[in-house]
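Trainee: Predicted model and sequence below, questions to follow.
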Amino acid sequence: MSSSETSPLISKWALVAKATATFKRSITALRTKKTPTYKNQSHVAVITQSYGSVYNYVLPYCFANVILTLAVVVLRDKCSIDLSIDFTGHKLLSTLVSFYMIGITTTIINRYMEARTYLGAVYWASMDLASMTCLFTMADQSEKAKKWRSDVIYHLLILLVGITGASEYSSAGHNIWDLKDMPKEARERIKRSVFRDNMDKNRGVVDPESKANLYLNGQVKTMLDDNLRVPTFLAYDLRQQITSWRRASIFETDLHVNEERDLLVHVGVILKNWDGLKTLVQTPLPFPLVQNRRTILFFWVFTLPISLMTAFYDAKVSLCVIIFFITLGFLGLEAVINELVDPFGNDPNDFDDVGMTITAFRNVTYTLYDIDGAEAVVPFEEGFATFLGDTGDKEMS
């Protein structure tokens, strides 16, 4: 085939490669933030702290509105151009602005805390599942039993990393199947699950042309949809591994049906809370509401100088101070809303979900370490070394 015949496909596939970041990435490598801390008893320290603050975003608007105020004053005093208007209309509009801001702030904080609750439930269920897996089978120290426990923990860890990667996709833009935070065989398994409809049956790999057509032509799904599907596949793999003892003679004494049920119920708890997280990720605030709120808010804030001119006719300094702090209050609240609307990513006020997952990883592997010894844990610390990052020391070995 000539180069002229192959160039369209190469060009098309190059765009897909760029869009999907096919070179391996790491979500741990992006973990440069730390959660803002502050001394609640010190008012001065809280007010003046810059890290985690929205002042950098808001203060330019405050100074711009003060400059606008001074310009209106100069036009009135020096050029006899009076732009002041009656405050009655602004007073009525302030009720609508306040209603919008109170309502949206309450909604955003509730979403923020709801997402954190879902994350906490995922970590709790994961650690409890690991505990039960080891405790229910600790009496059996055969090689088959040890391998079963190790395989269950392995699939549980893959699920945890997968949930973290899917949560971070909107901010980081790295596909789960391209993350080097998990072992290569896990990435290949995920890729086969996600693109099973576009597999070359002869070679068993993703067909580039099919993948290119799928995304560049907007057919079927977006990359976000595919990444959010991954934890469901991983949960299925975990369930399959838990029930694998039925297909082979693994234990000297079979798992009791209630014990197996408890393990599967915990997988269901993880999946249910992931579904709650996924719902929040896929359900942004309605655009008309955001658009209308911001239009009215910015109009109201930046027309305050001409509406307060009459009330502060000779008090120019007082007028500038009032304008500065009203702007800081309302636009500062808008900046807080923008900061919290997406709690995943690498901003200071985003969740440190990578750090929490690493902690859960340590707690999960400890249960296996306690039952089967350090040699059972070493493969996980080596296989997930990239994800563990600088914290991946061999403290348990």
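Mentor: On my side now, so go ahead. Given the structure is predicted, the values throughout are model-derived calculations rather than measurements.

Trainee: Please make it C-alpha for all contacts and neighbour counts, starting now.
Mentor: Fine.

Trainee: could you pull out the strands for the stretch 151-300 of the chain?
Mentor: Using DSSP state E, counting those that start in this stretch, the strands of the stretch 151-300 of the chain run over 199-200, 205-206.

Trainee: Show the average pLDDT along the last one.
Mentor: I take that to be strand 205-206. Mean pLDDT, strand 205-206: 47.

Trainee: Could you do stretch 43-53 as well?
Mentor: Rounded mean pLDDT across stretch 43-53 is 86.

Trainee: Show me what counts as buried in it.
Mentor: Of the residues in stretch 43-53, G52, S53 count as buried by neighbour count, 16 or more other C-alpha atoms under 10 Å.

Trainee: And it, end to end?
Mentor: 14 Å (C-alpha to C-alpha, to the nearest Å).

Trainee: Output the below-cut-off pLDDT ranges for the stretch 201-350 of the chain.
Mentor: 201-221 (pLDDT under 70).

Trainee: try it again with 50
Mentor: 201-209, 212, 218-220 (pLDDT under 50).

Trainee: which residues in it form helices?
Mentor: Here the stretch 201-350 of the chain has its helices, by DSSP state H, counting those that start in this stretch, at 208-216, 223-242, 257-282, 287-302, 304-308, 316-340.

Trainee: Out of the ones you listed, the one nearest A115 is which?
Mentor: Evaluated over the helices of the stretch 201-350 of the chain, closeness to A115 peaks at helix 257-282, with 5.9 Å, by C-alpha to C-alpha.

Trainee: so that closest one versus helix 223-242, what angle?
Mentor: Calculated by axes from the mean of the first three to the mean of the last three C-alpha atoms, to 10 degrees, helix 257-282 forms an angle of 170 degrees with helix 223-242.

Trainee: Adding distance to F351 and mean neighbour count, write the helices of the stretch 201-350 of the chain out as a markdown table.
Mentor: As requested, the helices of the stretch 201-350 of the chain are exported to a markdown table (distance: least, C-alpha to C-alpha, whole Å; neighbours: other C-alpha atoms under 10 Å):
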| stretch | distance to F351 | mean neighbour count |
| --- | --- | --- |
| helix 208-216 | 30 | 17 |
| helix 223-242 | 18 | 19 |
| helix 257-282 | 13 | 17 |
| helix 287-302 | 23 | 14 |
| helix 304-308 | 36 | 21 |
| helix 316-340 | 10 | 18 |
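
Trainee: Quick one: these as JSON lines, columns for distance to T117 too.
Mentor: Formatted as JSON lines, those follow (distance: least, C-alpha to C-alpha, whole Å):
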{"stretch": "helix 208-216", "distance to T117": "34"}
{"stretch": "helix 223-242", "distance to T117": "18"}
{"stretch": "helix 257-282", "distance to T117": "9"}
{"stretch": "helix 287-302", "distance to T117": "25"}
{"stretch": "helix 304-308", "distance to T117": "40"}
{"stretch": "helix 316-340", "distance to T117": "15"}
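
Trainee: Looking at those, which is nearest to S84?
Mentor: Short answer: helix 304-308, nearest of these by C-alpha to C-alpha, at 4.3 Å.

Trainee: Which elements pack onto the closest one?
Mentor: For helix 304-308, the elements it packs on are helix 55-78, helix 316-340, judged by 3 or more C-alpha pairs under 8 Å, 6 or more residues apart in numbering; DSSP states H and E.

Trainee: got CSV for these, with distance to S84 too?
Mentor: CSV is the format used below for the helices and strands packed on helix 304-308 (distance: least, C-alpha to C-alpha, whole Å):
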stretch, distance to S84
helix 55-78, 8
helix 316-340, 13
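
Trainee: quick one, which of these is nearest to M101?
Mentor: helix 316-340 (7.6 Å).

Trainee: got a list of contacts for stretch 278-289?
Mentor: R111, A115, S167, L228, D342 (C-alpha atoms under 8 Å, 6 or more residues apart in numbering).

Trainee: 7 Å instead?
Mentor: The contact list for stretch 278-289 (C-alpha atoms under 7 Å, 6 or more residues apart in numbering) reads L228.

Trainee: what sits against N40?
Mentor: V46.

Trainee: Angles on the backbone of it, please.
Mentor: phi -60, psi -20 (degrees, to the nearest 10).

Trainee: And it, how close does it get to V161?
Mentor: Taking C-alpha to C-alpha, one finds N40 at 34 Å from V161.

Trainee: what's the angle from the helix or strand where A121 lies to helix 223-242?
Mentor: In this structure, A121 sits in helix 88-137 according to DSSP states H and E. Angle, helix 88-137 to helix 223-242, by the same axes, to 10 degrees: 20 degrees.

Trainee: Now do helix 88-137: distance to the chain's middle.
Mentor: Chain-centre distance of helix 88-137: 13 Å, with C-alpha atoms, centre = their mean, to the nearest Å.
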